[in-house]
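Asker: coords below, sequence missing:
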């Protein structure tokens with residue numbers, strides 16, 4: 001005999017369940033209909049990548065964010081989409097594993113990309129966006145230069161000095177090409193932003209092609225993009241980043257204003273310091289301006305000089321005597337033999353950094369070594385070794 005209560009209960013539960021399913025389907029359809037935000041599309045084909053997952057990611061100032069993905073079939077065709085950028089052009093990455101293609105999107109355009117998986121990063125076609133085409137050109141030039149730098153650095157038949165000169169020439173020529181053909185053509189473009197923010201890598205590590213902080217010529221290039229973006233996209237976070245870096249660079253590289261102060265020993269020049277960031281033996285960067293609040297001896301020297309050992313002992317005595325009262329030393333080495341320099345300064349208690357391109361030396365007008373400057377607690381230069389009337393210790397005591 002059939003239990004009718006069970007059948008009734010089942011029917012009621014089924015009816016309730018179907019009502020819930022219908023509700024969720026209707027809600028999902030409503031949400032989809034309500035998503036009217038403008039989209040951009042990236043489509044095309046990646047050959048030789050069957051069963052691989054292709055990702056579309058946003059390259060934000062805070063890192064990568066996944067926007068869309070698709071598992072590729074035998075023909076490699078794909079179609080991806082995401083919300084169009086608001087306020088300014090933005091940057092994206094099309095990626096499979098560690099192979100990627102850089103893109104930039106202005107609005108709701110459709111960009112078509114075709115490539116083979118094995119050469120995805122180095123050989124692809126892109127249509128539908130001038131910015132994407134220019135970024136491709138810059139990326140390929142960058143890869144070519146990077147490969148050339150590695151070849152030179154590993155060339156056993158070249159002298160160290162020749163290697164350094166060759167690397168510098170390659171970088172300068174590349175910078176000139178990028179400035180003339182990709183930045184100054186129209187600094188407001190997304191590809192100009194991409195060009196000015198790119199990095200290279202050499203034996204010392206990664207570095208920005210255009211130094212926005214302490215190289216006066218590079219700061220001008222950086223500022224040209226910042227000014228154009230500020231005019232076109234004043235509320236964008238990328239514009240804020242550009243402008244902050246450009247302002248900092250202009251401040252660091254500005255010609256210092258000079259005044260003359262009366263002191264007991266006579267007259268000495270006083271200037272605001274020009275900041276530099278140089279690496280220590282562990283490649284950590286140190287800024288002179290970060291020492292504000294201390295009396296600083298900015299010392300340019302060469303540890304390979306025969307009198308260096310005796311001079312270092314004298315400096316150590318002075319440092320030990322006044323360090324607890326707020327005195328310190330920022331010592332810039334210009335030794336050609338970096339290994340020797342690292343060994344020489346390994347146990348010194350003050351800030352020891354190294355310079356290879358001579359930029360800081362030129363900024364401070366150093367012609368003879370050793371040369372030192374005294375900097376007061378307000379980050380102002382108040383004396384130079386050839387200008388000081390009394391002994392070094394007497395001048396330090398006046399500033400403490």
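Answerer: Sure thing, it's come through. All figures in this text were calculated on a predicted structure; none of them were measured in a lab.

Asker: Now the closest residue in space to residue 96 that isn't next to it in sequence. Its backbone dihedrals?
Answerer: Leaving out its chain neighbours, the residue that sits closest to residue 96 by CB to CB, 6 or more residues apart in numbering is residue 52, at 5.0 Å. (Glycine included, C-beta is placed from N, CA and C.) Dihedral angles of residue 52 (phi, psi; degrees, to the nearest 10) stand at phi -90, psi 150.

Asker: center of the protein - which residue?
Answerer: Nearest to the mean C-alpha position of the chain, counting by CA atoms, centre = their mean, stands residue 208 at 5.3 Å.

Asker: Hmm, residue 214 and it touching each other?
Answerer: No. With contact defined as CB atoms under 8 Å, residue 208 does not count as touching residue 214 (10.9 Å).

Asker: on that earlier part again, in the sheet, who's paired with the residue nearest to the centre of the chain?
Answerer: As for beta bridges, residue 208 partners with residue 199 under DSSP bridges.

Asker: which residues sit in contact with it?
Answerer: Contact analysis of residue 208 by CB atoms under 8 Å, 6 or more residues apart in numbering lists 197, 198, 199.

Asker: repeat for residue 77
Answerer: Contacts for residue 77 (CB under 8 Å, 6+ apart) come out as 43, 44, 45.

Asker: Put the buried members of the residues you listed into a PyMOL selection.
Answerer: In PyMOL, a selection of the buried entries from the contacts of residue 77 looks like this (16 or more other CB atoms under 10 Å):
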select buried, resi 44+45
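
Asker: Looking at the contacts of residue 77, which is nearest residue 137?
Answerer: Of all the contacts of residue 77, residue 137 sits closest to residue 44, with 18.4 Å by CB to CB.

Asker: Doesn't that closest one lie inside a strand?
Answerer: Yes. Residue 44 sits within a strand when classified using DSSP: H, G, I helix; E, B strand; the rest coil.

Asker: Name the nearest residue to residue 356, sequence neighbours excluded.
Answerer: Leaving aside its sequence neighbours, residue 356 sits nearest to residue 164 (CB to CB, 6+ apart; 7.3 Å).

Asker: what about that neighbour, which helix or strand?
Answerer: Using DSSP states H and E, residue 164 maps to helix 160-178.

Asker: what's the offset of that helix from the middle of its chain?
Answerer: Relative to its parent chain, helix 160-178 has a centroid offset of 19 Å by CA atoms, centre = their mean, to the nearest Å.

Asker: Could you tell me which residues within that helix count as buried?
Answerer: 163, 164, 166, 167, 171, 174, 175, 178.

Asker: check contacts around the fourth one.
Answerer: Think residue 167. Applying CB under 8 Å, 6+ apart to residue 167 gives the contacts 149, 152, 153, 202.

Asker: Run through the residues that contact the closest residue to residue 277 other than its chain neighbours.
Answerer: Nearest residue to residue 277, sequence neighbours excluded (CB to CB, 6+ apart): residue 285, at 4.4 Å. Each residue near residue 285 by CB under 8 Å, 6+ apart is listed here: 277, 278, 279.

Asker: just to revisit the earlier point, distance of the residue nearest to residue 356 from residue 283?
Answerer: From residue 164 over to residue 283 the distance is 17 Å, taken as CB to CB, to the nearest Å.

Asker: re the thing from before, buried subset of the contacts of residue 285?
Answerer: So, by 16+ other CB under 10 Å, the buried ones in the contacts of residue 285 are 277, 278.

Asker: The contacts of residue 285 in strands, which ones?
Answerer: Members of the contacts of residue 285 lying in strands (criterion: DSSP state E): 277, 278, 279.

Asker: Isn't the second one up against residue 354?
Answerer: Okay, so that is residue 278. Yes. The criterion here is CB under 8 Å, and residue 278 meets it with residue 354 at 6.5 Å.

Asker: Residue 374 contacts residue 380, correct?
Answerer: No. Counting by CB under 8 Å, residue 374 sits too far from residue 380 to count as a contact (9.7 Å).

Asker: These two: who's more crowded?
Answerer: residue 374 (23 against 16; other CB atoms under 10 Å).

Asker: Looks to me like that one is in a helix.
Answerer: No. Counting by three-state DSSP, residue 374 falls outside a helix, being strand.

Asker: Cheers, nothing more for now.
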